[in-house]
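*Asks:* 3D, please:
(2 chains)
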Amino acid sequence: MTDKAVPKGTWVQIHQQILTPEQRAPQVPEDTAKVPLVMITKGFLEKESQMGQTVTVRTLCGRTIEGELIKVLPRFAHDFGDAVPELLEIGPRVRALLEGGEI
Amino acid sequence: MTDNSYQAVMARSNEIMKKAIGMDYSQFARGQLAFDYQALMTEAGYSLEEVIAIQRETGVGNTPLYELKNLTKLARMTSPKGKGARIFLKDEASNPSGSFKARRAALSVYHAAKHGYKGVVAATSGNYGAAVASQAAIRGLKSIIVQEAFDSRGVYQPEIEEKGRACEAYGAEVLQLSVGPELFYVFLRVLEDTGFFNASLYTPYAIAGVETLGWEIVQQLQEQYSVKPDMVVITNAGGGNLTGTARGLRKAGSDALVVGASVDLKGLHMASDTQFNRKSFTTGHTGFGVPFSTWPDRSDVPRSAGRPLRYLHSYHDPLWVAEHIGDCTATQAGTQARLA
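*Replies:* Prediction:
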């Protein structure tokens, strides 16, 4: 993937450093102060580029933004976590109460 | 050339805000500390009737009100004899974009369009982004949503990632940032770069938009159940939901107790990179509720129109509410019958 050219007009994700750790606001906690402030956004690639290159994209709003090309057709990925046994118990117990059981 | 360093942009904050909201907040100042809150709210310039009409144009509001009969029954089973209120729910997920935030976005976006702004910008990681993007799409404005979305490992909070997807689906440009309060700096730079309207959650427009929620609660309880609310429990974070709903209740002639509820996240620092993903949700917690109640003007406008301390009767963790809701004395018709 890294050597393959990404065609102009492709929907991509870019990464940009906004502030270095040294430039961060004075009030941030210690752990946050150690890492840079970074921004990720998406847009249509302005010209054919390689992964990892600094590129320009046109966003859905029509603005142009520069950043490092990190993903092509980025996937939305999140899930809903593990099953929670405690919650599975609550339902039947509440239902039993409503049907005339004891507290 | 413009100096875009953190310090320089922050120093231009008031000037940027004036253009991006079209309002000079210094006119409300009364001396060194005080300001005229009622004058700020009057400046919004929309009556309750006008807000209702504007919201109806884009399908916002008039959400269903349900009686939670099972929860009422459960509360009465565990409460002292003669106590146990009837519990109702206002289903705000029935709004376009899925939350009460559509009420706030509706008025802000309408106002922006009316005053010739080409687009709107909002700093929000949750439902408000989707609400702004949705209302902007309906009214033909552009939108940019700035989210605090992931930690330094690149791990997203699931809810924020999902809202980012919704915003994009509505056609918004979504800027996702790592953890930190400097999001405000990026937000200011976007306002300056675009000349768009600051659709902040804390302008008088955003708060006036929620007044219809409190007003509807009173109207619907009367029409559907012939009762008046004794107490209204409202999720509290930045203070806008509570302030707007409380103002709407009062405008409808209700003297119901206004109780705030926030999930207790004591011990978590909201600007901490390593603690960011120890919570699985973005709002409705004390990380916003406590600082924004005690210092509302920490928000993204010079003076927040969300002032929960003006309206709060008391403020609790939801567990407290769950434990004590059965203690409320039922005063309305039809609630006397204690269940076996």
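*Asks:* quick one: the strands in chain B?
*Replies:* Applying DSSP state E to chain B gives strands spanning B:29-30, B:34-35, B:65-67, B:88-90, B:119-123, B:142-150, B:173-178, B:197-198, B:231-235, B:257-261, B:314-316.
*Asks:* now render those as TSV, adding mean neighbour count, mean pLDDT and distance to chain A.
*Replies:* Using the backbone N, CA and C atoms, a C-beta is placed for each residue, glycine as well. Shown next, in TSV, are the strands of chain B (neighbours: other CB atoms under 10 Å in any protein chain shown; pLDDT from 0 to 100; distance: least, CB to the nearest CB, whole Å):
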stretch	mean neighbour count	mean pLDDT	distance to chain A
strand B:29-30	12	92	25
strand B:34-35	12	92	24
strand B:65-67	15	97	15
strand B:88-90	17	97	16
strand B:119-123	28	97	7
strand B:142-150	26	97	5
strand B:173-178	24	98	4
strand B:197-198	28	98	13
strand B:231-235	19	94	20
strand B:257-261	21	93	20
strand B:314-316	16	91	21
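*Asks:* can you list those in JSON lines and add distance to A:V84?
*Replies:* Below are those laid out as JSON lines (distance: least, CB to CB, whole Å):
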{"stretch": "strand B:29-30", "distance to A:V84": "50"}
{"stretch": "strand B:34-35", "distance to A:V84": "46"}
{"stretch": "strand B:65-67", "distance to A:V84": "25"}
{"stretch": "strand B:88-90", "distance to A:V84": "23"}
{"stretch": "strand B:119-123", "distance to A:V84": "32"}
{"stretch": "strand B:142-150", "distance to A:V84": "24"}
{"stretch": "strand B:173-178", "distance to A:V84": "28"}
{"stretch": "strand B:197-198", "distance to A:V84": "40"}
{"stretch": "strand B:231-235", "distance to A:V84": "22"}
{"stretch": "strand B:257-261", "distance to A:V84": "22"}
{"stretch": "strand B:314-316", "distance to A:V84": "24"}
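*Asks:* which among those is found nearest to A:R58?
*Replies:* The closest of the strands of chain B to A:R58 is strand B:173-178. By CB to CB, the value is 9.8 Å.
*Asks:* so what touches that closest one?
*Replies:* A:18, A:35-43, A:59-61, A:63, B:129, B:142-152, B:156, B:160, B:164, B:167-168, B:183, B:186, B:190, B:273 (CB atoms under 8 Å, 6 or more residues apart in numbering or on different chains).
*Asks:* now do 7 Å
*Replies:* A:37-41, A:59-61, A:63, B:144-152, B:164, B:167-168, B:183, B:186 (CB atoms under 7 Å, 6 or more residues apart in numbering or on different chains).
*Asks:* quick check: A:G52 vs A:K4, distance?
*Replies:* Remark: distance between A:G52 and A:K4 (CB to CB, to the nearest Å) = 12 Å.
*Asks:* likewise for B:P181?
*Replies:* Separation of B:P181 from A:K4 (CB to CB) stands at 39 Å.
*Asks:* ok, which residues in chain A are in contact with chain B?
*Replies:* Counting by CB under 7 Å from any CB of the partner chain, the residues of chain A close to chain B are A:18-19, A:23-25, A:27-29, A:31-32, A:35, A:37-41, A:59-63, A:76, A:78, A:94, A:97-98, A:103.
*Asks:* lowest confidence element among the helices and strands of the chain?
*Replies:* With no chain named, the answer covers chain A. helix A:85-98 (a mean of 90; mean pLDDT, DSSP states H and E).
*Asks:* wrong chain, I was asking about chain B
*Replies:* helix B:318-324 (a mean of 79).
*Asks:* tell me how far that one lies from the chain's centre.
*Replies:* Distance, stretch centre to chain centre, for helix B:318-324: 22 Å (CA atoms, centre = their mean, to the nearest Å).
*Asks:* now stretch A:72-92
*Replies:* The answer for stretch A:72-92 is 18 Å, by CA atoms, centre = their mean.
*Asks:* what's the answer for stretch B:41-49, then?
*Replies:* The answer for stretch B:41-49 is 17 Å, by CA atoms, centre = their mean.
*Asks:* tell me, how many residues neighbour A:R93?
*Replies:* 10 (other CB atoms under 10 Å in any protein chain shown).
*Asks:* with B:Q219 instead?
*Replies:* Based on other CB under 10 Å, the number of other residues close to B:Q219 is 15.
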